[in-house]
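J.: would you be able to build a 3D model of this:
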Amino acid sequence: MLEYEAEQNPLVVRQDHAEAVLEKAIVYVEVTEEVVRRAQGFMKRGIKLVDALHIALAEAGQADYFCTCDDRFLNKLKAMRDLKVRAMSPPELVQELGI
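T.: All right, here's what the predicted structure looks like:
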């Protein structure tokens, strides 16, 4: 999803930056049928397609945290009892990690 979103950015400098960041990734999570099913479940709960795929992929990759600046999306995630990652805002993540 991150690769896809980077490619959609009209600013080449942002595409280049995203590519440089993604090159440092040590885990790459494939979009599988299971991920798609989980994303569809999120969509039934009012999550937009791209966001649903992001969170489903984070779960599939066994991420500890899912960080977003989108308050509406974050509030929906925090209300879910079956979420497999801890959803938080950037300030919450900074505080959690002690950085």
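J.: just the element for the residue nearest the centre of the chain, please.
T.: A centroid search over the chain (CA atoms, centre = their mean) returns residue 54, at 3.6 Å, as the residue closest to the centre. Element membership for residue 54, per DSSP states H and E: helix 49-60.
J.: can you list contacts of that helix?
T.: Here helix 49-60 makes contact (CB atoms under 8 Å, 6 or more residues apart in numbering) with 1, 5, 29, 31-32, 34-36, 38-40, 42-43, 47, 66, 68, 70, 73, 77, 83-85, 87. Heads up, the C-betas are built off the backbone N, CA and C, glycines and all.
J.: out of those, which are buried?
T.: If you count burial by 16 or more other CB atoms under 10 Å, the buried members of the contacts of helix 49-60 come out as 1, 29, 35, 38-39, 42, 47, 66, 68, 73, 77, 83, 85, 87.
J.: looking at these, which one is closest to residue 18?
T.: residue 1 (11.5 Å; CB to CB).
J.: residues contacting the closest one?
T.: Residue 1 neighbours (CB under 8 Å, 6+ apart): 31, 50, 53, 54, 57.
J.: please repeat the previous calculation with a cut-off of 6 Å.
T.: Shown in contact with residue 1 (CB atoms under 6 Å, 6 or more residues apart in numbering): 53, 54, 57.
J.: just the closest of the residues you listed to residue 96, please.
T.: Out of the contacts of residue 1, the member with the shortest distance to residue 96 (by CB to CB) is residue 54, at 19.1 Å.
J.: where's that closest one relative to residue 70, distance?
T.: Residue 54 sits 10 Å away from residue 70, going by CB to CB, to the nearest Å.
J.: hmm, residue 18 is touching residue 6, no?
T.: Yes - counting by CB atoms under 6 Å, residue 18 sits close enough to residue 6 to count as a contact (3.5 Å).
J.: name the residues that touch the helix or strand bottoming out on mean pLDDT in the chain?
T.: Lowest on mean pLDDT, DSSP states H and E among the helices and strands of the chain sits helix 2-8, with a mean of 83. With CB under 6 Å, 6+ apart as the test, helix 2-8 has contacts from 15, 18, 22.
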